[in-house]
Structures are given as structure tokens and as C-alpha cells.
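Asks: pasting the structure only:
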Ligand SMILES: Nc1ncnc2c1ncn2[C@@H]1O[C@H](COP(=O)(O)OP(=O)(O)OP(=O)(O)O)[C@@H](O)[C@H]1O
Ligand SMILES: C[C@H](N)[C@H](N)CCCCCC(=O)O
Ligand SMILES: [Mg+2]
């Protein structure tokens, strides 16, 4: 059984990297609460709905977003288009009580929330360690090393890396050996995500004894 902290922030090396899928796995596996503080592209996209659909959990596992913007773009621009401004003081970490809390970012670590305000500032404001989702294939070494460097430079604790996609043993080995950050899980590419038993998938992917 994975040893994950009670509360953590799921970020990634890019947008569309699998943060929501990995969040859903963690929510199912830990029976956790889920919070996406900033959602863009809603409607129609809402990661909270995706996690709820994938996990089948009730409304009591979900906190409402602090900001939802219509345009499917970076939060700083999406906010500006709606004459809104995102400030750190707007965010208060919801109380998940005894449950785990999974907080999902939008895009990668240096996505702007406003001028001179980045996702990393929100992570520090919430005082959460980061679980970093990356892809498995070509290009991931550069993106993951950059992300790890950004976190280390800002003193943000890293829970570990989750590699999402088809197995690539060399990259998985290099990711952890060259960063010194533990590889917590490899999540395989799944043809039909809705048909997955997420709890079982979480247990197998996050198994510390798994052979990667
Ligand atoms: N392991 C996987 N197997 C199959 N499909 C996947 C897997 N991981 C992610 N996907 C698909 O890839 C797409 C992007 O994934 P996801 O929505 O989780 O990205 P994200 O990092 O949360 O993006 P955003 O920055 O918008 O929040 C989705 O269509 C998702 O269903
Ligand atoms: C709309 C999208 N799915 C994400 N939620 C927002 C991604 C912002 C990425 C900005 C960037 O890095 O260029
Ligand atoms: Mg997402």
C-alpha cells in the first residue's frame, strides 16, 4: 500500500499529462477528497466531474472549485477575459478532516494564475507537497528534470513522480536515478478508463514492491 501524505498537490510536467486520471486513481485508492482550485474550459470541461465519473464516489468527496473560467486556456488569461483577477488570498485549503485530500493543479508548475503569480506560488501558499505526473515516452526526461528543478529551487517538497503511459523502462529508471526523486507509480495506458477498477489499479500501480 502506497505511503502517501494526508494532503498533496497533483501537478504535472504539462497540461493533458494525466493529472486528472492519476488524481482519480488516488481518490479511489485512498477514498480521498478531491479539490481543483482553478478550472478553465468549464463548461464543458470539469475535472471534478471526470474524477467523480471515474471513481463513482458521492458528492461528499468533492469540494467546489474556487475559480471556474470558460475559456480552455491558461488561468491568467481566462480570468482576464472575464474581468476577474486571481489572488493568493482567495485560496483557503478545504478541511478534509480524517480523509486524504487530493488537490489538482491546472497545467504544469509555471502556469500563470496572474501576472507574477504562478501555480508554484499557490502550492507554497497551500503548503502542500507535490506529486508530479509525467509522461513515460520520449521528451519526458527534459520536462521532468525541469519540473523537479523548479520545485527544488522553490523549496517545495516532492512526494514522488508518477509516470503515466506505455511502459518505457529506461526512462523510468533514468527519471528516478537522475533526479533522486522516488518513482511512486507507473500508470499504464488504459484503453477504456471508465471500465477500470480504479481501486485495484491504484493498489497495483502504487505498490512499493512493484517491479518497474
Ligand atoms: N493512463 C492513461 N490511459 C489512457 N488515457 C489516459 C491516461 N491518462 C490520461 N489519459 C487521457 O489523456 C487525456 C488527458 O488526461 P488528463 O485529463 O488526466 O490530463 P490533465 O493533466 O489532468 O490535464 P489538465 O491540465 O487539463 O488538467 C484524457 O483524455 C485522459 O482520458
Ligand atoms: C485548458 C487546459 N485543459 C488546462 N486546464 C489549462 C492549461 C494551461 C496551460 C498554459 C501553458 O502552459 O501554456
Ligand atoms: Mg486535469
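Replies: The structure has been received and is ready for your questions. Note that the coordinates shown come from a computational prediction; the quantities given were computed from them, not determined experimentally. Ligands and ions are numbered 1, 2, ... in the order given.
Asks: got the buried residues for stretch 121-135?
Replies: 121, 122, 123, 126, 128, 129, 130, 131, 132, 133, 134, 135 (16 or more other Cβ atoms under 10 Å). C-betas here are computed from N, CA, C, even on glycine.
Asks: Counting only helices, which of those make the cut?
Replies: 121, 122, 123, 126 (DSSP state H).
Asks: This protein: strands as residue ranges?
Replies: 7-12, 33-35, 38-40, 67-69, 101-104, 112-114, 117-118, 130-135, 158-164, 183-187 (DSSP state E).
Asks: near ligand 2, which residues of this protein?
Replies: Within the chain, the positions adjacent to ligand 2 are 15, 40, 41, 72, 73, 74, 106, 107, 108, 111 by Cβ under 6 Å from any ligand atom.
Asks: count of neighbours near the fourth one?
Replies: Okay, so that is residue 72. Number of residues near residue 72 (other Cβ atoms under 10 Å) recorded here: 13.
Asks: what residues are up against it?
Replies: Contacts for residue 72 (Cβ atoms under 8 Å, 6 or more residues apart in numbering) come out as 40, 41, 45, 78.
Asks: Reformat the residues you listed as a markdown table; add pLDDT, neighbour count and distance to residue 67.
Replies: Shown next, in a markdown table, are the contacts of residue 72 (pLDDT from 0 to 100; neighbours: other Cβ atoms under 10 Å; distance: Cβ to Cβ, whole Å):
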| residue | pLDDT | neighbour count | distance to residue 67 |
| --- | --- | --- | --- |
| 40 | 98 | 23 | 8 |
| 41 | 98 | 16 | 12 |
| 45 | 95 | 13 | 14 |
| 78 | 98 | 23 | 9 |
